[in-house]
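Colleague: dropping the sequence and predicted coords here.
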Amino acid sequence: MTLPPLPAIEPEGAIGVITGFIRSQLEQTGFERLVVGLSGGVDSATVAYLAALAVGADNLLAVRMPYRSSASASETDALRVVTALGCRTELVEITPMVDPMLSLIDGSDEATLVRRGNVMARQRMIVLYDRSASFDALVAGTSNKTEALLGYGTLHGDMAAAIAPIGDLYKSQLRAVATALGVPSEILDKPPSADLWEGQTDEGELGASYDDLDRILFALVDRRWTVQRCVAAGLDAALVAWVAQRVARYEFKRQLPPVAKVSLRTPGIDHLYPRRRPGSRRGS
Amino acid sequence: MPPGYASSVEYRIALAQVAPRLGDVDANLTLASEWLRRAAAEEAQLVAFPELALSGYLLSDLVPEVALRSDDARLLALSREAPGVTIAIGFVEETDAHRFCNSAALLRDGALVGIHRKVYLPTYGLFDEGRFTRPGDRIRTIPVGEPLGRIGLSICEDFWHASLPMLQALDGASLLVNLAAGPARAPGSAAGLAAIAGWHKMQDTYALLGTVAVAFCNRVGNEEGLTFWGGSRILAADGSVIAEGPLYDEALVVGTLETDDLRMQRYGLPLLADERVELVRRELDRIIAARAELPPPDSLDPEGG
């Protein structure tokens, strides 16, 4: 049986649309520069390449934010991107921010891996937003569609951004775009990892390969297939059920918090405006 | 006097494939004025702008702030800038009864020649139009004088309902003008190209079956996360493509119709003349009654004759 397909992509077309999107967002908001947190992984490398293409390397600040447990290869790979693009870069160690905070709260270093990972992701968000204020820039997010749908990201951490250039690209599509952009093979070929603790890999943590996950997500989400149809088409029943449940469970991460409606007109419910309109541009 | 039918007359059309600014009517009037000047320099007799060219597309609750009356002085002044040129342009219209519509105005020499209010407001998938604007309730053609005779205006989604362009062809249009704000879906994939191919098939089919020329003006640019795809086209009455704009980039797409093409096409393929409109009406009456679970209209023998 032939399995349902992976989501296809024609990289040049996608690159044109995304760089146009980035330029348009900057123009509408009144900014000219972007900040991106560069981890050494393929997602942030791809965003950096797209940003440099859209606004020029001079207008891009790539911030490297290692923690004491980060793999040394991550820093090496992040620097490969900086060198290839010729963009600006800064190194901000987050260990002396994360560890004291956790020990102040706990009185120990015994925080669980997940708690520690979330604090690290949120600390990086704080650094990025601070650097964006200093560099007069917008923060470009590095979350992809696979992560967003699976809820595999930290709310107000790595999910926080002003714009989401790769938010509608599945991981497998993102790899194709990264290849077309010329992202170094060392970055493309290594196993994806949040690099929050030693030996962590996305696929190990999620329990499936990105290709398997993308195949299922593409069927469930983009093609609106039922779980039953996915299984009948040869996709792994247990994995399909797990993915479908995760998509539903983490819906809250993809939405603003619900507002208790007590007034006549409520932001987000019946007070609905485009994010940018005449007069809302910075400096206008 | 109209020219003799045997002598072919050229009619030059320009499609302003522009990127309007969301919510900024004044900026968009300036934009329209600039492109109108360019089109006039190309000796265009008809200049079409996209859907909601004066307001932008993703308006939500900005609708009342950008709405214009159809006789707004700014609209009429725009049309005075290019004497003799017919302009089709999309805007949010507020009627005397404060009905807010997604409308297309046909203007010439400082006068409103006609108007079309978008009949089909997509409110599904990524579209939310029916939440903020009200649908039109007329499908008409607009007399514009020789050599075209009548134009059938429509707006984007209207073209996804074959009845609308076909009614306009039957109503005497020699040219269908569709103003659009079509967002790209799955750009950079086969599915995205298939979506554009769907629009091409429609235009080709309406031209062919309506034996009518087609002008499709689609906007470009970005709003929020949407990217509008452009690809504006002018088709002759045999479905052949006379001019086609680029994808995603601003462009003035110019093409020339020959009235003789329409004449010979309708001689060789007399589909409109042969159309059994009374039969269509009878069957529609029957279907309408059946959908409402009402008895068939009195004049009908449900078993046929």
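Modeller: Yep, that arrived.

Colleague: just read off the phi/psi values of the nearest residue to A:Ala241 once chain neighbours are set aside.
Modeller: By the measure of CB to CB, 6 or more residues apart in numbering or on different chains, the closest residue to A:Ala241 outside its immediate chain neighbours is A:Val227, 6.3 Å from it. (Each C-beta comes from the backbone N, C-alpha and C, glycine too.) Geometry field for A:Val227 lists phi and psi as phi -60, psi -40, criterion degrees, to the nearest 10.

Colleague: show me the contacts for the residue in the stretch 51-200 of chain A that chain B sits nearest to.
Modeller: Per CB to the nearest CB, the residue of the stretch 51-200 of chain A with the smallest distance to chain B is A:Asp168, at 7.6 Å. Neighbour list for A:Asp168: A:145, B:225 [criterion: CB atoms under 8 Å, 6 or more residues apart in numbering or on different chains].

Colleague: make it 7 Å
Modeller: By CB atoms under 7 Å, 6 or more residues apart in numbering or on different chains, the contact set of A:Asp168 is A:Lys145.

Colleague: need the three-state assignment for it.
Modeller: Classification of A:Asp168 using DSSP: H, G, I helix; E, B strand; the rest coil returns coil.

Colleague: residues from the stretch 51-200 of chain B in reach of chain A?
Modeller: Taking CB under 7 Å from any CB of the partner chain as the measure of proximity, the stretch 51-200 of chain B contacts chain A at B:58-62, B:184, B:187-190.

Colleague: restricted to buried residues, select those residues in PyMOL.
Modeller: The PyMOL command for the buried members of these (criterion: 16 or more other CB atoms under 10 Å in any protein chain shown) is given here:
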select buried, chain B and resi 58+59+62+184+187+188+189
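
Colleague: how about the residues of the stretch 51-200 of chain B next to chain A in JSON lines, adding pLDDT?
Modeller: Converted to JSON lines, these look like this (pLDDT from 0 to 100):
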{"residue": "B:Leu58", "pLDDT": "97"}
{"residue": "B:Leu59", "pLDDT": "97"}
{"residue": "B:Ser60", "pLDDT": "96"}
{"residue": "B:Asp61", "pLDDT": "96"}
{"residue": "B:Leu62", "pLDDT": "97"}
{"residue": "B:Ala184", "pLDDT": "90"}
{"residue": "B:Pro187", "pLDDT": "72"}
{"residue": "B:Gly188", "pLDDT": "70"}
{"residue": "B:Ser189", "pLDDT": "74"}
{"residue": "B:Ala190", "pLDDT": "74"}
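
Colleague: which ones among the residues of the stretch 51-200 of chain B next to chain A lie within helices?
Modeller: For those, membership in helices holds for B:Ala190, with DSSP state H as the criterion.

Colleague: of all the residues of the stretch 51-200 of chain B next to chain A, which comes closest to chain A?
Modeller: B:Gly188 (2.9 Å).

Colleague: quick one: residues contacting A:Gly56.
Modeller: Taking CB under 7 Å, 6+ apart as the definition of contact, A:Gly56 has no neighbours.

Colleague: again with the one 10 residues further on
Modeller: Taking CB under 7 Å, 6+ apart, we find A:Pro66 in contact with A:74-75, A:93.

Colleague: and for B:Asp204?
Modeller: With contact taken as CB under 7 Å, 6+ apart, B:Asp204 is in contact with B:235, B:239.

Colleague: gap between it and B:Arg282?
Modeller: Counting by CB to CB, to the nearest Å, the separation of B:Asp204 from B:Arg282 is 29 Å.

Colleague: helices of chain A, start to end?
Modeller: When secondary structure is read from DSSP H, chain A shows helices at A:11-29, A:42-55, A:72-85, A:95-106, A:113-135, A:145-150, A:171-181, A:185-189, A:202-206, A:210-217, A:227-232, A:237-249.
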